[in-house]
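Novice: Sequence first, predicted model second:
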There are 2 protein chains.
Amino acid sequence: MALAKKPVTGMKDILPEEMQIRDYVIGIIKETYRNFGFTPIETPCMENIANLSSKQGGENEKLIFKVLKRGEKLKLEAAETEAELVDMGLRYDLTLPLARFYSNNANNLPSPFKALQIGSVWRADRPQRGRYRQFTQCDIDILGEPSNLAEIELILATTETLGRIGFEKFEIRINERRVLKAMAAYSGFAEESNDEVFIILDKMDKIGLDGVAEELRKNGFEKEAIDRYLALFQRVEGEADGVKAVSVLADTLGEYLEDSVRISLQEIIECVEQTKTADFKMVFDPTLVRGMGYYTGTIFEIAIPEFGGSCGGGGRYDKMIGNFTGNNVPACGFSIGFERIILLLLEKGFQIPGSPRKTAYLVEKNYPAEKLCDVLKQAQEARKCGRQILVARMNKNKKFQKEKLTAEGYTEFLEFFNR
Amino acid sequence: MALAKKPVTGMKDILPEEMQIRDYVIGIIKETYRNFGFTPIETPCMENIANLSSKQGGENEKLIFKVLKRGEKLKLEAAETEAELVDMGLRYDLTLPLARFYSNNANNLPSPFKALQIGSVWRADRPQRGRYRQFTQCDIDILGEPSNLAEIELILATTETLGRIGFEKFEIRINERRVLKAMAAYSGFAEESNDEVFIILDKMDKIGLDGVAEELRKNGFEKEAIDRYLALFQRVEGEADGVKAVSVLADTLGEYLEDSVRISLQEIIECVEQTKTADFKMVFDPTLVRGMGYYTGTIFEIAIPEFGGSCGGGGRYDKMIGNFTGNNVPACGFSIGFERIILLLLEKGFQIPGSPRKTAYLVEKNYPAEKLCDVLKQAQEARKCGRQILVARMNKNKKFQKEKLTAEGYTEFLEFFNR
């Protein structure tokens, strides 16, 4: 019986060329974040289905791969609903598992706790080009830090990582959920309609200011509110200095915006600009929404010019851990769009800097065992000096074999014949 | 609603202390195997259920976590069997996915292909101490190399890795499926009973030679065959020199054993002994069986004295890829018992060598933003020199905070007060 050769639908095999770049990037990520005091943790890939379906994950909860119960617990004949058949699911992100992890282990963790997670997540999305049903996420989170020191450290660490990978002239766009709310209230939108307004606002980068206005009108919002709302965005449009832009907006919003929110946003922008190591700019972007419902304060996003759309983002979610423990814990996270970054590097034809010299020792077939031992000794000596040595039998089609190896980065060939 | 804090049954959260050791070991594994010309690859964690249930995996096929079909494909009411409900499963090892990967991608891979895989696998085993339902496997495989150069390179690479992690005075036990068969045939066991005999033989390290004899008797085998069988093992018992032991056994077996098998085993032992870098010994062990049915030739196992039982193993499986492509490809692999090695290191109180100096900057609450910027600048300077700097707010209970950080390896504390 022939077995299926292809990976399961929507998932992919990762070949050596891509894998080496992934490993290189993960190495930089781990080293940089470690220098900022983040410590790696890991949680199981599966979570209880009740946790995954607890309305923390928004749309992602519709995309869960569910795991069948096993043994006596599976009562196939009695089961009338899907829910009776499953007890676990594959995680759709790393944030919910982190909140569970922290609730379970807080006593054994320092406070504040700075976590680094790199791991696979799964979403049963409709398969499409460049988007897979299994992909890697890379998150840092600071739990237990109420002040904006959390935001500053997250942004500094993430941007330094991006800089070390080789990205430059990118932007970190920042906003605050409370700024979004204040702008809506100031304009005259009712609080209940906030979610609806923000979903439309979130399309700004695709449909522009006029498109947003048009869609708000179609959704039946009053012209007066829409006009006031648009005027707000126009007030700060083009103001490149983030601190000034926040001031201009805050002055207009007046008492609609708590002064502490303005101060905190300005401190983050100012402090990051003064201490950053990478070549990027902090941009205040009042149109930034970020979909996840769990954000409670600051939100931010990476914009890399070569790549339309976001390459990662994050924000503050002070109320999620309370769902596990009953007590809220301040929490703030930043997720790098790992798969997008790898895609960009592959498209650029990225070469890993400082790779070791790769040499292939090709040994003629039927080379006698005693002499093979000498070849291996020679290989072992070279490996001791950190060189990468492949010892392989010479194929009949040696030219083809060497071409393949050259494509893999082998630059030297040593051939051994039995003469 | 309070959510479940514990990980799902039989799986575990990995805390920073263990995670740092895991990352360190993975770093050594990747670097060492890379120097031997192995390239990393990755396959999806899920495979088609038909592939997973194709009788390659022996007992493990009973332990598969199965994934529910989604959307219209799930016909809950019409389904009468479990098989109709599921389309995928979580992989129970890395060998079957590798065979599928190779079948799918052989055109884009060099020949021979040296693969390194590090990844999670899942088995719905009865939960027990120190054994988890999700665990990491670490495999190297050489595909397309028919000669014993594959075995030699696999053993050299794996033992160098173990040596660099700090293990010494361990053993690599080696045997051959064809030696096992020849011994059974020579003793007079019928070929059909081979599997039954080998399952009993596999218990040798637990029940001893007498126990094996006793159990063979109970299973109804003839006394004469059993006596001849036991005498074979006694002939080589205590012969420390592997090459000699193979000769002694082969001389006794005579024409029951192909001479090429003897020569190949001796070449492997001889060549590894001459070129090894770690402190270990090659031991010929005619009682070594290794459970998996897919092995076709050489089999080997790591025995570390501090740890009763095997710490990894592997062998040749020349017929698995043919299940996918119809054409067999020579294949040989070695798997390190990653979780057991981590357990051993944790029990030893292993300290990671050469870790960077860790300094915590503790900043008083309400430290003004302008001054916080200066603290962060200082931290950034130190990080540039490769130091690990944690910047955190000072807790009310500073003594407790510092204790926790000390346990995490912080040896220096810099405190910043607003005075």
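Specialist: That came in fine, so what should we check first? Numbers count the residues shown, from 1 in each chain, chains lettered A, B, ... in the order given.
Novice: Show the pLDDT at the residue in the stretch 251-400 of chain A that chain B sits nearest to.
Specialist: Nearest to chain B in the stretch 251-400 of chain A, going by C-beta to the nearest C-beta, is A:L390, at a distance of 3.0 Å. For glycine as for every other residue, the C-beta is placed from the backbone atoms N, C-alpha and C. Note on A:L390: pLDDT of 94.
Novice: Could you count how many residues lie near the residue in the stretch 1-150 of chain A that chain B sits nearest to?
Specialist: Nearest residue of the stretch 1-150 of chain A to chain B: A:G37, at 3.0 Å (C-beta to the nearest C-beta). Close neighbours of A:G37, defined as other C-beta atoms under 10 Å in any protein chain shown, add up to 27.
Novice: wait, it sits on A:F113?
Specialist: No: at 10.2 Å, A:G37 does not count as touching A:F113 under the criterion of C-beta atoms under 8 Å.
Novice: Ramachandran angles for the residue of the stretch 1-150 of chain A closest to chain B?
Specialist: phi 90, psi 10 (degrees, to the nearest 10).
Novice: ok, back up a step: mind checking the SS state of the residue of the stretch 251-400 of chain A closest to chain B?
Specialist: Secondary structure, DSSP: H, G, I helix; E, B strand; the rest coil: A:L390 is strand.
Novice: Grab the nearest non-local neighbour of it.
Specialist: Nearest non-adjacent residue to A:L390, counting by C-beta to C-beta, 6 or more residues apart in numbering or on different chains: B:G37, 3.0 Å away.
Novice: how about the one you found, what does it touch?
Specialist: Contact partners of B:G37, counting by C-beta atoms under 8 Å, 6 or more residues apart in numbering or on different chains, are A:358, A:360, A:388-392, B:114.
Novice: got a markdown table for the residues you listed, with distance to A:L162 and neighbour count too?
Specialist: As requested, the contacts of B:G37 are exported to a markdown table (distance: C-beta to C-beta, whole Å; neighbours: other C-beta atoms under 10 Å in any protein chain shown):
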| residue | distance to A:L162 | neighbour count |
| --- | --- | --- |
| A:K358 | 28 | 19 |
| A:A360 | 35 | 23 |
| A:Q388 | 28 | 22 |
| A:I389 | 34 | 24 |
| A:L390 | 33 | 23 |
| A:V391 | 39 | 25 |
| A:A392 | 38 | 23 |
| B:K114 | 32 | 25 |
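Novice: near chain B, which residues of the stretch 101-250 of chain A?
Specialist: Proximity of the stretch 101-250 of chain A to chain B, by C-beta under 8 Å from any C-beta of the partner chain, involves residues A:101, A:103-105, A:108-112, A:114, A:120, A:122, A:124, A:134, A:145, A:147, A:149, A:152-153, A:156, A:160.
Novice: run the last query once more with 6 Å
Specialist: Residues of the stretch 101-250 of chain A lying near chain B by C-beta under 6 Å from any C-beta of the partner chain: A:101, A:103-104, A:110, A:112, A:124, A:134.
Novice: biggest separation within these, which pair?
Specialist: Using C-beta to C-beta, the two most remote members of these are A:P110 and A:A124, lying 36.8 Å apart.
Novice: which one of the two has more residues nearby?
Specialist: Per other C-beta under 10 Å, whichever of A:P110 and A:A124 has more neighbours is A:P110, with 25 against 19.
Novice: Tell me if the more buried one really is in a helix.
Specialist: No: counting by three-state DSSP, A:P110 is not found in a helix; it is coil.
Novice: and the closest residue to it other than its chain neighbours, what element?
Specialist: Closest residue to A:P110 apart from its sequence neighbours, by C-beta to C-beta, 6+ apart: B:K404 at 4.1 Å. If you go by DSSP states H and E, B:K404 is part of helix B:398-407.
Novice: all strands in chain A, in order from the N-terminus.
Specialist: Taking DSSP state E, the strands of chain A run over residues A:39-40, A:46-48, A:66-68, A:86-90, A:113-122, A:134-143, A:170-176, A:280-284, A:298-303, A:310-316, A:331-336, A:358-363, A:388-393, A:412-416.
Novice: Might you report the residue contacts of A:D318?
Specialist: A:D318 makes contact with A:296, A:328, A:330-331, according to C-beta atoms under 6 Å, 6 or more residues apart in numbering or on different chains.
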